[in-house]
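> Compute the structure for the input listed below.
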Amino acid sequence: MDLTLDELGTVERGRSRHRPRNDPRLFGGEMPFFQTGDVKAASLHLVASSQWLSDFGVAQSRVWKPGVTCITIAANIAESAVLGVEGCFPDSVVAFSPALQAEDAYFVKYLLDYHRSRLSSVAQGTTQENLSVEKLVAHRFAVPDPVSRRSIVEVLGSIDRLIENTTRRIELLEGIVQATYREWFVHFRYPGHERVPLVASVRGPIPAGWTAKVLGDLATEVREAVEPSASTRALPYVPIDSINPRSLTLRTFRPGSEAASSLRRFETGDVLFGAMRAYFHKVAIAPFNGLTRSTCFVLRPHSDCGHNYVAVTLSQEATVAYAAAHSSGSTIPYARWLEALSEMPALLPTADVVAMFEDLAEPCIQECQRLAALHRILQQLRDLLLPRLLGGLTEVSAVGPERGPMEQTT
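The predicted model follows:
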């Protein structure tokens, strides 16, 4: 049967009444404030926010409970995720609250995934793409019976839960590496530090035997430009938007056939550093040979400096902030490697300390890359099943038995 979203539940806009919207008084508290980019970045459940509201900010917004479907209607059109924690969002995000059965929050998310291109086309034609609530609820969708909807949610949700699990494990392992780096190389509390005095240097007090350097002493920018060809079409293509913010693990890539211009070749182990709008903090270790664009630096760590030590140094907030501060271009700022980021102050610890860090970090990084490969396989499986199940080409019973309502993961 054909139904609209408001026949399955209620559709309401988020709220952000205060102007200006960037008033510092609105932020700095503990209430998540989800933007359209946060919804786009979520796989199934929306739990990670880029901003948090203060009590003042919460008072001018609306707090939503977990279990509603968050749908973007501006900037990132028709992206969706099920709210996994209590939170707020602006009027560029709408909430679908299921009326018939709780699983419909997930079904609507998958329904919108299937029809995203159709909904995006409706939003085109204005200066800024926008999908109004009126346009959204005017659409009629082919909706199966409640039992079939629950079964579709169970099949696709089981895959998405595995994807979320791989993401959490990657975040945990990267957290261990980053915390160790800060403890050892920022606070100088590495194994055996008690027996090593601090000595004066141009960088201030540093452990004896460590050397004051610049980033250009630790890594080299590789500019191997290539033209599209039969050989490049066989390589993975990693444009800047395929790199996850604040994660060294590369989880997605595109086929080489999409690589059209300004291409740079990279090798396994190189660090891809987002140069365009560096403040987005896109830094990843390449797990394979492939292609990127000139919007990314291809940085090759020097072998005698510790590969993982250099990669994690490049991913630090201070490094990204330095790159952003030394960018040029008012409309689209680009970081500069030569005479800018390569000159950023850095430290090179003694070889024994670097070796200890490599021994700790390497298994974590390798496991992250293995999990990322699994993540890509699961995503491909989900993308294969989604149109077949939502388009009625495959019966749910042919994929897997119904196992009962899907439990919410937070």
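
> Look at Gln380 and say how many residues are nearby.
10 (other CB atoms under 10 Å). The way it works is simple: take the backbone N, C-alpha and C, and place the C-beta from them, glycine included.

> what kind of secondary structure is it in?
The three-state label given to Gln380 by DSSP: H, G, I helix; E, B strand; the rest coil is helix.

> Against Ala74, how distant is it?
For Gln380, the distance to Ala74 equals 29 Å [CB to CB, to the nearest Å].

> pLDDT value on the residue nearest to Ser342 when sequence neighbours are not counted, please?
Excluding the flanking residues, the one nearest Ser342 by CB to CB, 6 or more residues apart in numbering is Gly216, at 3.4 Å. pLDDT recorded at Gly216 is 97.

> do the same with Thr127
50.

> and if you look at the one 10 residues further on?
In the prediction, the pLDDT value recorded for Val137 is 86.

> give the contact list for Val320.
Each residue near Val320 by CB atoms under 8 Å, 6 or more residues apart in numbering is listed here: 278-279, 281, 283.

> can I assume it sits in a strand?
No. Using three-state DSSP, the secondary structure at Val320 is helix, not a strand.

> any idea how far Val82 is from it?
In terms of CB to CB, Val320 sits 31 Å off from Val82.

> Then Gly67?
Counting by CB to CB, the gap from Gly67 to Val82 is 7 Å.

> Likewise for Trp210?
Trp210 is 48 Å from Val82, by CB to CB.

> Would you mind checking which helix or strand in the chain has the lowest mean pLDDT?
Lowest by mean pLDDT, DSSP states H and E among the helices and strands of the chain is helix 116-123, with a mean of 77.

> Which strands or helices does that helix pack on?
Packed against helix 116-123 by the contact rule (3 or more CB pairs under 8 Å, 6 or more residues apart in numbering; DSSP states H and E) you find helix 133-138.

> which residues sit against the helix it packs on?
Here helix 133-138 has contacts from 4-6, 11, 13, 71, 73, 94, 119, 122-123, using CB under 8 Å, 6+ apart.

> any idea how far the spatially most central residue of the chain lies from Trp210?
Centroid-nearest residue in the chain: Asn244, 3.5 Å away (criterion: CA atoms, centre = their mean). According to CB to CB, Asn244 stands 31 Å off from Trp210.

> can you check Gly87 too?
44 Å.

> Among these two, which residue is more densely surrounded?
Per other CB under 10 Å, whichever of Gly87 and Trp210 has more neighbours is Gly87, with 25 against 19.

> now the closest residue to the more buried one other than its chain neighbours, what's its secondary structure?
Once flanking residues are discounted, Gly87 sits nearest to Pro32: 3.9 Å by CB to CB, 6+ apart. Three-state assignment for Pro32 (three-state DSSP): strand.

> I figured Pro32 hits Val85, correct?
Yes. Between Pro32 and Val85 there is a contact under CB atoms under 8 Å: 6.3 Å.

> Can you pull the residues that touch both of the two?
Common neighbours of Pro32 and Val85 (CB under 8 Å, 6+ apart) are Val47.

> Give me the more crowded residue out of the two.
Higher neighbour count among Pro32 and Val85: Pro32, with 23 against 16, using other CB under 10 Å.

> Against Pro197, how distant is that one?
Taking CB to CB, one finds Pro32 at 45 Å from Pro197.

> With Gly391 instead?
Gly391 is 69 Å from Pro197, where distance means CB to CB.

> try Arg21
Arg21 is 51 Å from Pro197, by CB to CB.

> and if you look at Tyr237?
Counting by CB to CB, the gap from Tyr237 to Pro197 is 50 Å.

> neighbour-wise, which of these two wins?
A direct count of neighbours by other CB under 10 Å for Tyr237 and Pro197 places Tyr237 higher, at 20 against 10.

> Can you name the residues bridging to the more buried one?
Arg254, Leu291 (DSSP bridges).

> who's in contact with it?
So, once contact is read as CB under 8 Å, 6+ apart, Tyr237 ends up touching 253-256, 258-259, 290-292.

> Could you dump the residues you listed into JSON lines and include pLDDT and neighbour count?
Listed next are the contacts of Tyr237 as JSON lines, based on pLDDT from 0 to 100; neighbours: other CB atoms under 10 Å:
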{"residue": "Phe253", "pLDDT": "95", "neighbour count": "22"}
{"residue": "Arg254", "pLDDT": "94", "neighbour count": "15"}
{"residue": "Pro255", "pLDDT": "95", "neighbour count": "11"}
{"residue": "Gly256", "pLDDT": "95", "neighbour count": "19"}
{"residue": "Glu258", "pLDDT": "94", "neighbour count": "12"}
{"residue": "Ala259", "pLDDT": "92", "neighbour count": "25"}
{"residue": "Gly290", "pLDDT": "97", "neighbour count": "23"}
{"residue": "Leu291", "pLDDT": "97", "neighbour count": "24"}
{"residue": "Thr292", "pLDDT": "97", "neighbour count": "28"}
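
> Quick check: the two most widely separated of the residues you listed?
Using CB to CB, the contacts of Tyr237 span at most 13.8 Å, a distance reached by Pro255 and Thr292.

> Let me know how buried Ala99 is, in neighbour terms.
Using other CB under 10 Å: Ala99 sits among 11 other residues.

> I'd like to know how far it sits from Phe27.
Counting by CB to CB, the gap from Ala99 to Phe27 is 33 Å.

> Next, give phi and psi for Pro236.
The phi/psi pair for Pro236 (degrees, to the nearest 10) reads phi -60, psi 140.

> Could you list the low-confidence segments of the stretch 101-250 of the chain?
Low-confidence segments of the stretch 101-250 of the chain (pLDDT under 70): 122-129.

> need the strands for it, in chain order.
Assigned strands in the stretch 101-250 of the chain, in chain order: 141-142, 198-199, 206-207, 211-214, 219-221, 225-226 (criterion: DSSP state E, counting those that start in this stretch).

> right, and those - which one's nearest Val354?
Of all the strands of the stretch 101-250 of the chain, strand 211-214 comes closest under CB to CB, at 11.2 Å.
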